[in-house]
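Trainee: the sequence isn't on hand, but the structure is:
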């Protein structure tokens, strides 16, 4: 009974839009706080309803809705709305979110939207949009809170008030930045320190010396710096130490989560989706996946050539064929374990190129231990299949050799690719499996030639 | 020249410890801000030097060092130090970090350390330690800043000052919590709001109604809630809405990063390492990897049985064997693409069990598109291997069937496991490859029987 009542008391976005008042959108946002559910309901709207929704958003509901959902969907809503309404809503968003959404617009539409905005705001957004998308500057809040070094605590608080009044939905800001002439960054003062200090003290006395980054720093590296050092904000400064803006912890976390998702997708052997999974159409999924599938298919096709070359061997000892999936599968598994661990360690900055010797030593030692265990397992399996002592010997030696080979390849490859400026996350499980499959088969038949007298003449 | 100079001007942790003064540790911490490099140098210390380091840490250097490195290594340093020194250092850490390190101690050692601490502090830590390790309560700051609803802004600021004085390295805190009788949470006030409001206003007027979680909530879910909703803090309340503590954004981000690492390792087919990769010994790596390798080996061993069952078919048409790695590899790749995308989408809360029908429909549609493309690729490959039209037909039909089969298995399995309370991240690339390998071979020979007249009598 009560669940039916609760069900009847909710409101869907479609219903809220039909009511044609901002109050209904406000109500829906209060009831539906889950971003994924919000995305679901927006995606289900008709184009008409989406246009209507864009027109209903105001200075409160706009940021609340558009900064919690995927930028792709947010752009869809704003593209559907009339330009004036969309410009009004974008004006209420903080700069990084506004820029991320505007990047999803084509140039003419973006320009007409920016032209419909207050000129200062438009100029600031054009500034953020002019930085490369993967730079930290493209993700920073360009309007950091700044005070002069000679200000007192009371003056600083006044300035914060003024700043906050002008940007009701701007960044909360954990720090006030102390800047000298020409915007040179001198230090940072925690808001908490301002609260706790007598009003007539100069802010200069409260300054910390913050960690900073250059504007063209890769945004993922900047985000990891902020997270690793457990900072609340990361100021972005140019070569003359002029303060350009601030990367906030919220924005850094979004970047890191996004990056972890993209790395996971690359590791699974497909191109990053760039939209939430549930919003991706089969066509989009197909496009993101088919390229790698075909590349891997072409690479794996080589195994057919190898097997045809050893056709006579297989005809002479057909039992050799029984072990093909098992042997190459074990090689792929061993390699996948190593690359996924390494790629993640590289993604979080734990491992660098100079560690290659240490990593290879570690992985080859581990590989030797694993090779012994897997050879024992292969012994048991060969015995249960009843293939005779010589094929058993071949299989045991091969599994050990393939484990060592897979360990070597997969411990070196991600770091070498990184050195070559290729994202190591492309070293996917499927790619390692494919590399090990063909080479593993060659190892197999080579060892078979050494151990099986039946193959002596071939 | 200048690089030699720069090199000579640095100091290693070993050298700093040998100087036997806290000032040297301070200097080293200032020079070496990279957490990974810090971990490296600590790991390289002798047990003696580590004990000495533990004794040199003070209220400033202790938190600076121990909260930036892995808890496992931090515990190693403190275990080496005399109990009194270690207790002193742990007292300077905030509760979640202290608890995380103490969890790495055995019970008697942990008790003797807690007994050496100030009783209030020890009681608070025992409280945090009593919660299950994966609950949000085990990771919260138990000493949130609280004020009465009738306090004025000025009184609240006084209370913050007192609180901050007692905990120089406690949580910075973005909010002050307004609690009524018996600690019931009434609302939260942003520190920024306190800064901006006249001193005689009551804090009640500034209260927001914060999102809260229960203490036994899984800490990963709580962290994702905080991140998804872009909150600065997440208060933890019991069933009576009493405030127990606060999950901070910093701690939530550490949890989310840790979880992403563990998921990546599971996805690679090994158990989570739990220590930084560079600190893991080959024995530890072996232990974390060998179980899954053996399980997968045992599961994959089934392919030998399948192939032996079809021995006569392979002898009749040896060309069938050429395509085995290619066909099962393609199945594994298709499945891996799907599971990694799905597992990540589930990890970030984008996808739930009720989405199964939508997901299966989406993945089977995508699978059909992929099947067509892969069948075309298989046609080209069969033709270049010159295996004749009938084997070509078999291979093309098989690749399409395996793609569809892999799509079905891998889109359903992660969500079913989640429903069965198994972490879907264990659906690793190697596991999907193994499942598809054996079943894919059966599909292959079954289709071969239907299309190859040579096999009619077998």
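Mentor: Looks like it came in fine. This structure is a prediction, so every number in the text was calculated from the model and none was measured.
Trainee: skip the chain neighbours and tell me the closest residue to residue A:32.
Mentor: Using C-beta to C-beta, 6 or more residues apart in numbering or on different chains and skipping residues adjacent in sequence, the residue nearest residue A:32 is residue A:38, 5.8 Å away. For the C-beta atoms, the positions are set from N, CA and C on the backbone; glycine is no exception.
Trainee: ok, that neighbour - contacts?
Mentor: For residue A:38, the contact set (C-beta atoms under 8 Å, 6 or more residues apart in numbering or on different chains) comprises A:13, A:29, A:32, A:65, A:68-69.
Trainee: where's it, which helix or strand?
Mentor: Assigned by DSSP states H and E, residue A:38 belongs to helix A:35-43.
Trainee: residues of the stretch 351-458 of chain A that sit close to chain B?
Mentor: Neighbours of chain B within the stretch 351-458 of chain A, by C-beta under 8 Å from any C-beta of the partner chain: A:351, A:355, A:358, A:362-363, A:365-366, A:369-370, A:373-374, A:377-378, A:381, A:385, A:428-430, A:433-434, A:437-438, A:441.
Trainee: just the buried residues of these.
Mentor: Buried members of these, counted by 16 or more other C-beta atoms under 10 Å in any protein chain shown: A:351, A:355, A:362-363, A:365-366, A:369-370, A:373-374, A:377-378, A:381, A:385, A:428-430, A:433-434, A:437-438, A:441.
Trainee: so of these, which ones are in helices?
Mentor: Counting by DSSP state H, the part of those found in helices is A:362-363, A:365-366, A:369-370, A:373-374, A:377-378, A:381, A:385, A:429-430, A:433-434, A:437-438, A:441.
Trainee: looking at chain A, which helix or strand is least sure?
Mentor: helix A:2-8 (a mean of 41; mean pLDDT, DSSP states H and E).
Trainee: mean confidence for the following helix or strand past it?
Mentor: Toward the C-terminal end, the helix or strand that comes next after helix A:2-8 (DSSP H and E) is helix A:13-18. Averaging pLDDT along helix A:13-18 gives 93.
Trainee: check which element follows the helix holding residue A:38 along the chain.
Mentor: Criterion used, DSSP H and E; the element after helix A:35-43 is helix A:47-56.
Trainee: contacts made by that following helix with the rest, please.
Mentor: Contacts of helix A:47-56 (C-beta under 8 Å, 6+ apart): A:13-14, A:17-18, A:20-22, A:24-25, A:42, A:45, A:76-78, A:80-82, A:85-86, A:89.
Trainee: repeat that with 6 Å
Mentor: Outside helix A:47-56, the residues that touch it by C-beta atoms under 6 Å, 6 or more residues apart in numbering or on different chains are A:17, A:22, A:25, A:77-78, A:80-81, A:85-86.
Trainee: then stretch A:154-167?
Mentor: Residues contacting stretch A:154-167 (C-beta under 6 Å, 6+ apart): A:145, A:147, A:176, A:194, A:199, A:203, B:195-196.
Trainee: which helix or strand contains residue A:156?
Mentor: Assigned by DSSP H and E, residue A:156 falls in helix A:153-166.
Trainee: check the offset of that helix from the chain's centre.
Mentor: Here the centre of helix A:153-166 is set off from its chain's centre by 36 Å, with C-alpha atoms, centre = their mean, to the nearest Å.
Trainee: then stretch A:114-124?
Mentor: 30 Å.
Trainee: what does stretch A:355-372 give?
Mentor: That offset, for stretch A:355-372, works out to 29 Å (C-alpha atoms, centre = their mean).
Trainee: could you do stretch A:238-257 as well?
Mentor: Using C-alpha atoms, centre = their mean, the offset of stretch A:238-257 from its chain centre is 17 Å.
Trainee: let me know the pLDDT of the residue nearest the centre of chain A.
Mentor: Closest to where the C-alpha atoms of chain A average out (C-alpha atoms, centre = their mean) is residue A:259, at 1.1 Å. Residue A:259 is assigned 87 on the pLDDT scale.
Trainee: so it sits against residue A:220, correct?
Mentor: Yes: counting by C-beta atoms under 6 Å, residue A:259 touches residue A:220, with 4.9 Å between them.
Trainee: in which helix or strand does whichever residue of the stretch 301-450 of chain A sits closest to chain B reside?
Mentor: Of all residues in the stretch 301-450 of chain A, residue A:340 sits closest to chain B, with a separation of 2.6 Å (C-beta to the nearest C-beta). Per DSSP H and E: residue A:340 is located in helix A:324-347.
Trainee: now that helix against helix B:324-347, angle please.
Mentor: 40 degrees (axes from the mean of the first three to the mean of the last three C-alpha atoms, to 10 degrees).
Trainee: angle of helix A:324-347 against helix B:35-43?
Mentor: 100 degrees.
Trainee: report the distance from helix A:324-347 to the chain centre.
Mentor: The answer for helix A:324-347 is 21 Å, by C-alpha atoms, centre = their mean.
Trainee: all helices of the stretch 151-300 of chain A, in order?
Mentor: Here the stretch 151-300 of chain A has its helices, by DSSP state H, counting those that start in this stretch, at A:153-166, A:191-196, A:219-228, A:249-267, A:282-309.
Trainee: are the second one and chain B in contact anywhere?
Mentor: In other words, helix A:191-196. Yes: using C-beta under 6 Å from any C-beta of the partner chain, we find that helix A:191-196 touches chain B at A:191, A:195-196.
Trainee: give the contact list for the residue of the stretch 301-450 of chain A closest to chain B.
Mentor: Contacts of residue A:340 (C-beta under 6 Å, 6+ apart): B:264, B:268.
Trainee: how much space separates it from residue A:267?
Mentor: 6 Å (C-beta to C-beta, to the nearest Å).
Trainee: what's the answer for residue A:54, then?
Mentor: From residue A:54 to residue A:267 the distance is 37 Å (C-beta to C-beta).
Trainee: more crowded one of those two?
Mentor: Regarding residue A:54 and residue A:267, a neighbour count based on other C-beta atoms under 10 Å in any protein chain shown identifies residue A:267 as having more, with 29 against 22.
Trainee: who are the contact partners of that one?
Mentor: Here residue A:267 is in contact with A:425, A:428 (criterion: C-beta under 6 Å, 6+ apart).
Trainee: need the pLDDT of residue A:170.
Mentor: 51.
Trainee: break chain A into its domains for me.
Mentor: Following the TED database, one finds the domains of chain A at A:13-130, A:146-268, A:281-455.
Trainee: name the residues of the stretch 101-250 of chain A found near chain B, please.
Mentor: Close to chain B, as judged by C-beta under 6 Å from any C-beta, the stretch 101-250 of chain A has residues A:157, A:161, A:191, A:195-196, A:227-228, A:230, A:249-250.
Trainee: widest-spaced pair of those residues?
Mentor: Spatially, the most separated pair among these is A:161 and A:228, at 33.6 Å (C-beta to C-beta).
Trainee: tell me which of those two has more neighbours.
Mentor: residue A:228 (18 against 14).
Trainee: now residue A:413, nearest residue through space, not along the chain?
Mentor: Per C-beta to C-beta, 6+ apart, closest to residue A:413 is residue A:427, 5.5 Å.
Trainee: quick one: residues contacting that neighbour.
Mentor: A:339, A:413-414.
Trainee: count of residues packed around residue A:65?
Mentor: 25.
Trainee: now name the helix or strand holding it.
Mentor: helix A:61-66.
Trainee: other SSEs contacting that helix?
Mentor: helix A:22-31, helix A:83-92 (3 or more C-beta pairs under 6 Å, 6 or more residues apart in numbering or on different chains; DSSP states H and E).
Trainee: now, which of the contacts of residue A:427 sits nearest residue B:344?
Mentor: Taking these together and measuring to residue B:344 by C-beta to C-beta, the closest member is residue A:339, at 16.8 Å.
Trainee: appreciated, that's everything.
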